[in-house]
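Asks: 3D, please:
(chains A and B)
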Amino acid sequence: NAGVTQTPKFQVLKTGQSMTLQCAQDMNHEYMSWYRQDPGMGLRLIHYSVGAGITDQGEVPNGYNVSRSTTEDFPLRLLSAAPSQTSVYFCASRGWTEETQYFGPGTRLLVL
Amino acid sequence: SQQGEEDPQALSIQEGENATMNCSYKTSINNLQWYRQNSGRGLVHLILIRSNEREKHSGRLRVTLDTSKKSSSLLITASRAADTASYFCATDGTQAGTALIFGKGTTLSVSS
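Replies: This next block holds a predicted model:
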């Protein structure tokens, strides 16, 4: 199993550009989540999904969209990037009967 | 707002010493989990303690949970340089379908 994969590893955007951060898992997990990690702030939940077709907002959802058309994929979209979205983004998943969460390696995003 | 708050924010010790970090949370939980993050990497699950448990051990790790005080502690015994990392507590709420909520983390530095 590849586990949780994220692409790209690093991205530089200009203010106002859009992009999609990809996340995929091959463990057939129902739950998937997106977090952002900023210095001194720990991990903050952006959006999460409890299954295909179901998504919900976390603590800091503004400026981000998600969709869950398949169990495997949970892309995070930035519609109009802002410097405040400069961060490291982590995707995570866990199974319905599991309590632990598996993390991807992260995407480092710089918005100029 | 974030559920967990770790204390201290940073901890520096010598190899062989014990490291203790604490976590406080705000709402009722099903379980509390500790994760480790090496610099520039994703988070890795260390240990989980359920709300009806008071203490749990795993190798050199000892976790305690006091639900009356809404607090937990992680003890790493006989620390090694390889334990240098950031440690996060995460709470799993009692409401079904919720994502894990993470604290801001404790940065542990173990010098040889």
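Asks: contacts and neighbour counts: CA atoms only from here.
Replies: Fine.
Asks: Contacts only, for whichever residue of chain B sits closest to chain A.
Replies: In chain B, the residue found nearest to chain A is B:K104; the distance is 3.7 Å by CA to the nearest CA. When contacts are counted by CA atoms under 8 Å, 6 or more residues apart in numbering or on different chains, B:K104 touches A:40-43, B:4-6, B:9, B:88.
Asks: Compare the residues you listed and tell me which is most surrounded.
Replies: The most crowded member of the contacts of B:K104 is B:F88, carrying 29 neighbours; neighbours defined as other CA atoms under 10 Å in any protein chain shown.
Asks: Pick out the residue nearest the middle of chain A.
Replies: The C-alpha lying nearest the average C-alpha coordinate of chain A belongs to A:W34 (CA atoms, centre = their mean; 3.2 Å).
Asks: name the element that residue belongs to?
Replies: strand A:31-38 (DSSP states H and E).
Asks: Send me that strand as CSV with only the CA atoms.
Replies: Provided in CSV are the C-alpha atoms of strand A:31-38 (Å, rounded to 0.1, in the frame of the first residue of the first chain):
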residue,chain,number,x,y,z
TYR,A,31,-12.7,9.6,6.6
MET,A,32,-10.4,12.1,4.9
SER,A,33,-9.3,15.5,6.2
TRP,A,34,-7.2,18.5,5.2
TYR,A,35,-5.1,20.4,7.7
ARG,A,36,-2.8,23.3,7.4
GLN,A,37,0.2,23.8,9.6
ASP,A,38,1.7,27.1,10.4
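Asks: How far off centre is it?
Replies: Remark: strand A:31-38 is offset 5 Å from the chain centroid, using CA atoms, centre = their mean, to the nearest Å.
Asks: ok, back up a step: mind listing which of the contacts of B:K104 are in strands?
Replies: Residues of the contacts of B:K104 located in strands (DSSP state E): A:42-43, B:5-6, B:88.
Asks: Among the residues you listed, which one sits closest to A:S49?
Replies: A:L43 (16.9 Å; CA to CA).
Asks: near chain A, which residues of chain B show up?
Replies: Residues of chain B lying near chain A by CA under 8 Å from any CA of the partner chain: B:1-2, B:33, B:41-45, B:48, B:88, B:97, B:99, B:101-105.
Asks: on that earlier part again, quick check, the residue of chain B closest to chain A in a strand?
Replies: No: counting by DSSP: H, G, I helix; E, B strand; the rest coil, one finds B:K104 to be coil, located in no strand.
Asks: Farthest pair within the ones in strands among the contacts of B:K104?
Replies: Of all pairs drawn from these, the greatest distance, 12.3 Å, lies between A:L43 and B:E6 (CA to CA).
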